[in-house]
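Asker: Give me the fold of what follows.
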Amino acid sequence: MNLYRLLKVFGKIRSRRVKLFAVLLMHIMHKRILGIYIDPVLGCNYRCRMCYFSDGEKRKELHGTIKDEDLSIIANALFHRALKLQIGCGAEPTLNDNLPGLINLGKKYGILYISLTTNGRLVNREYLERMIESGLDEITVSAHGITKETYENLMTNGDYGHFIRLMNDFIAIKEKHPSFTVRLNYTMNEDNIEELALFRNIFGNIPIDILQLRPIQKIGESEYRNFNLEKIERMYDSIIVPLVSYCRERGIVCMVPEKNNFTILERQDNANGIFEQLTYCYISPKICWREDFDYNNDSYESYCKRHNVGKYILKEVFAIYGNKSKDKDRTIKMNYKIK
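Answerer: Residues are numbered from 1 along each chain as shown. Just a heads-up that it's a prediction; the model follows:
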């Protein structure tokens with residue numbers, strides 16, 4: 001399944017009612033509508049300066065691992081309604097020793113797309129082979145610098161040499177597993193935006209399938225404090241536009257916000273907010289989906305029945321129909337375009 005093509009097509013649907021009505025139909029027909037995002041362990045071996053793991057006080061709150069027996073119960077309650085399983089959201093999932101077991105659970109319940117997001121420090125070719133054999137479809141590696149100096153400055157505890165070796169491991173991995181997806185995540189700030197001009201020189205022979213360019217945003221307290229996007233916006237045409245063109249020539253999917261989205265908050269309508277509420281499922285050692293969801297006693301279906309979710313969606317469909325001028329809610333989320 002080409003998940004990114006599906007997202008691109010869905011993103012072209014302009015009608016709020018159509019999107020929400022599609023969710024309603026899928027809900028009624030017991031189809032897969034959830035995107036499950038899971039941090040199996042709350043911890044990280046890096047202290048990236050732009051991340052809340054660089055804040056000592058925040059790290060005191062971030063601890064714990066989901067037990068294997070709890071993962072099995074959670075999977076039984078939710079995984080049968082999941083379209084995608086994203087392993088690793090705000091922490092480093094490779095600190096968990098049983099990722100193959102989690103991936104196997106995803107495949108056991110028929111999840112179509114399983115992705116792993118990591119800083120890559122504990123990943124090598126042999127590790128990847130085990131994950132792919134278990135059913136992993138995609139790996140996303142975070143890198144916030146193209147050169148050694150910037151990479152290791154922004155990614156405290158990072159090893160640029162290991163990162164480059166991992167990038168080169170992807171050459172052999174892709175030869176053996178051509179359908180496996182390699183994604184690179186780059187958080188842009190005023191100190192690393194210019195280095196993107198070196199992308200083709202450093203990664204020209206690396207089989208990257210997707211490049212995501214994320215403007216820095218404040219997601220908690222962190223060591224790095226410069227959240228100004230003016231320089232990124234100013235260099236958009238000279239740095240980002242040529243990189244997008246290069247990616248298109250190479251067949252690389254590039255995910256990047258439009259230029260005007262750097263200086264204004266994305267305005268997201270009520271239907272889109274509801275869509276996220278209905279399809280986004282976050283799991284960690286501290287929470288499973290909703291505060292009042294008890295995975296030991298609840299299933300997805302029993303929870304939705306108890307809360308009359310179907311009626312709620314239907315009500316919102318008609319509310320949108322009857323009030324086309326309804327105010328839009330603001331959100332700090334960037335409006336990524338798949339190019």
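
Asker: which one's the longest strand in this protein?
Answerer: Across the chain, the longest stretch assigned as strand under DSSP state E is strand 181-188.

Asker: Show residues contacting that one.
Answerer: 50, 115, 117, 137-144, 170, 173-174, 192, 196, 203, 206-216, 232 (CB atoms under 8 Å, 6 or more residues apart in numbering). To be clear about C-beta, it is placed using only N, CA and C from the backbone, and glycine gets the same treatment.

Asker: List the ones among those that fall in helices.
Answerer: The members of these that map onto helices under DSSP state H are 170, 173, 174, 203, 232.

Asker: most neighbours, which of those?
Answerer: Highest neighbour count within those, by other CB atoms under 10 Å: residue 232, with 23 neighbours.

Asker: all strands for the protein, in order.
Answerer: With DSSP E as the criterion, the chain has strands at 34-38, 82-87, 113-118, 138-142, 181-188, 210-215, 253-257, 267-268, 280-283, 329-330, 336-338.

Asker: model confidence over the fourth one, on average?
Answerer: Summarised as a single mean, pLDDT over strand 138-142 is 98.

Asker: Can you tell me which helices and strands it packs against?
Answerer: strand 113-118, helix 160-176, strand 181-188 (3 or more CB pairs under 8 Å, 6 or more residues apart in numbering; DSSP states H and E).

Asker: Pull the contacting residues for the nearest residue to residue 179 once chain neighbours are set aside.
Answerer: Nearest in space to residue 179, with sequence neighbours left out and distances taken as CB to CB, 6 or more residues apart in numbering, is residue 137 at 7.9 Å. By CB under 8 Å, 6+ apart, the residues touching residue 137 are 113, 114, 115, 179, 180, 181.

Asker: Next, find the distance separating residue 137 from residue 15.
Answerer: Remark: distance between residue 137 and residue 15 (CB to CB, to the nearest Å) = 30 Å.

Asker: ok, residue 161 - how many residues close by?
Answerer: Using other CB under 10 Å, residue 161 is surrounded by 10 other residues.

Asker: What about the nearest residue to it once chain neighbours are set aside, how many residues nearby?
Answerer: Using CB to CB, 6+ apart and skipping residues adjacent in sequence, the residue nearest residue 161 is residue 148, 7.9 Å away. By the criterion of other CB under 10 Å, residue 148 has 14 neighbours.

Asker: correct me, but residue 148 touches residue 158?
Answerer: No: the criterion here is CB atoms under 8 Å, and residue 148 misses it with residue 158 at 9.6 Å.

Asker: In contact with the residue nearest to residue 282 when sequence neighbours are not counted, which residues?
Answerer: Spatial nearest neighbour of residue 282, chain neighbours left out: residue 37 (5.0 Å); criterion: CB to CB, 6+ apart. Listed by CB under 8 Å, 6+ apart, the contact partners of residue 37 are 86, 89, 280, 281, 282, 283.
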